[in-house]
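**Q** give the three-dimensional model of this entry:
(one chain, ligands or ions: 1)
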Amino acid sequence: MKQLTGNVYYFQSYPTVSMAVTPAGCIAIDGPMKPTDAVKWRDFILSKGPLRYQIVTEHHQDHICSAHYLKPEVVISSEITCAEFFKSVANAEEGKQRMLKYDPAAGPLLEGFEMRPPDVTYKERMTIRLGGRTFVVFHGAGHTRGQSMVHAVEDRVLFASDNISPGQGVAFHSADVWGWFKTLGLMEALDVDWYVPGHGAPCTKAEFPKQREKMLDLIQMVREARNKGMSREECQRTINFIDGYFDKKGYGRPRLLGERSYMLMRGAVGNIYDCLDDHPTGGLHTREDPLWENI
Ligand SMILES: [Zn+2]
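**A** The predicted structure is shown next:
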């Protein structure tokens, strides 16, 4: 658990989770995917004050199972994240089985586990005023269509969620590929000192050119393969940016994902392939996430 600014703390678990402390209680952004980490994070939060709000920034497995342990008064997400909430983990039983796999020590903590979907949703943005401070929760399609971010105005921090994922890049698997570029522009324009990503360490505005370059390079890889006549499936079989491009650029491997990162990479290539012909101002169809076995 590390302190980023006077009132903001983060914990580089999986995912990177964070919270802000105010005189009227705390606001948490996401929560650890491992129950054993989640209970440690809960105790840390409680040492600073009651947990009033938890923002769930997306519907993937690593973001949606912690509310049972953190016990916020109110869970908040975007409407899209709420609509897709059970697409990544279908029910509590499935959640427990997955948690035992990635957190074998969690056994006793799984007793009575329940999925806790959002209590409150918003569409474009909402403002939370807590303890005299301002938190703007807003929708910014990117890593997922429903991605939420939280701007802690006085703290000069953007909780960027997986819309910034240094060194990862498999993050395209259920992305709004073109919308992400618009969202990056908005994020970069905010008057903040720090960006807390969904994975990895807090970063500054210096991260944006790198993030854009990586995204454009991956899209170009898929575009060139498609233009050579490769089908979607051939692209998924052939393009391996984890073992090639990432190493060349020194991005490092996706941490903790192991074999799953290759499954996500194939998902990323397929999703980019599907979006190649959409105009970046917006496609004609609304893409919805498929039911994923294992994200
Ligand atoms: Zn995700």
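**Q** so who does the residue most central in space within the chain touch?
**A** A centroid search over the chain (Cα atoms, centre = their mean) returns residue 162, at 3.3 Å, as the residue closest to the centre. Taking Cβ atoms under 8 Å, 6 or more residues apart in numbering as the definition of contact, the neighbours of residue 162 are 15, 57-58, 60, 142-144, 147, 168, 171, 197-199. In this view, the C-beta of every residue, glycine as well, is placed from N, C-alpha and C.
**Q** okay, it and residue 182: tell me how far apart.
**A** Using Cβ to Cβ, to the nearest Å, we find residue 162 at a distance of 16 Å from residue 182.
**Q** what does the residue nearest to the centre of the chain show for phi and psi?
**A** Comment: the main-chain dihedrals of residue 162 come out as phi -70, psi 10, following degrees, to the nearest 10.
**Q** leaving out the residues flanking it, which one is nearest to it?
**A** Counting by Cβ to Cβ, 6 or more residues apart in numbering, the nearest residue to residue 162 once its immediate chain neighbours are dropped is residue 198, at 3.4 Å.
**Q** what's around the one you found, how many residues?
**A** Residue 198 sits with 29 neighbouring residues when counted by other Cβ atoms under 10 Å.
**Q** can you tell me how far it is from the ion?
**A** For residue 198, the distance to the ion under the criterion Cβ to the ion, to the nearest Å works out to 7 Å.
**Q** likewise residue 184?
**A** In this structure, residue 184 lies at 16 Å from the ion, with Cβ to the ion as the measure.
**Q** would you say that residue is within a helix?
**A** Yes. Membership of residue 184 in a helix is supported by DSSP: H, G, I helix; E, B strand; the rest coil.
**Q** so what does the residue nearest to residue 162 look like in phi/psi?
**A** For residue 198, the backbone dihedrals are phi -80, psi -20 (criterion: degrees, to the nearest 10).
**Q** now residue 84
**A** Torsion angles at residue 84 (phi, psi; degrees, to the nearest 10) stand at phi -100, psi 10.
**Q** ok, residue 99 touching residue 35?
**A** Yes. Under the criterion of Cβ atoms under 8 Å, residue 99 makes contact with residue 35 at 5.9 Å.
**Q** which bits of the stretch 101-250 of the chain sit near the ion?
**A** Proximity of the stretch 101-250 of the chain to the ion (Cβ under 5 Å from the ion) is limited to residues residue 162.
**Q** now do the helices in the stretch 101-250 of the chain.
**A** 179-189, 207-227, 232-238, 245-249 (DSSP state H, counting those that start in this stretch).
**Q** beta partners for residue 194?
**A** residue 157 (DSSP bridges).
**Q** that one and the ion: what is the separation?
**A** Between residue 194 and the ion the distance, using Cβ to the ion, works out to 21 Å.
**Q** cool, and residue 58?
**A** 5 Å.
**Q** and what of residue 72?
**A** For residue 72 relative to the ion (Cβ to the ion), the value is 20 Å.
**Q** picking up where we left off before, name the residues contacting each of residue 99 and residue 35.
**A** Among the neighbours of residue 99, those also in contact with residue 35 (Cβ under 8 Å, 6+ apart) are 65, 106, 110, 113.
**Q** the third one - how many residues pack around it?
**A** If I follow you right, that is residue 110. Using other Cβ under 10 Å, residue 110 has 16 neighbouring residues.
**Q** alright, that wraps it up for me.
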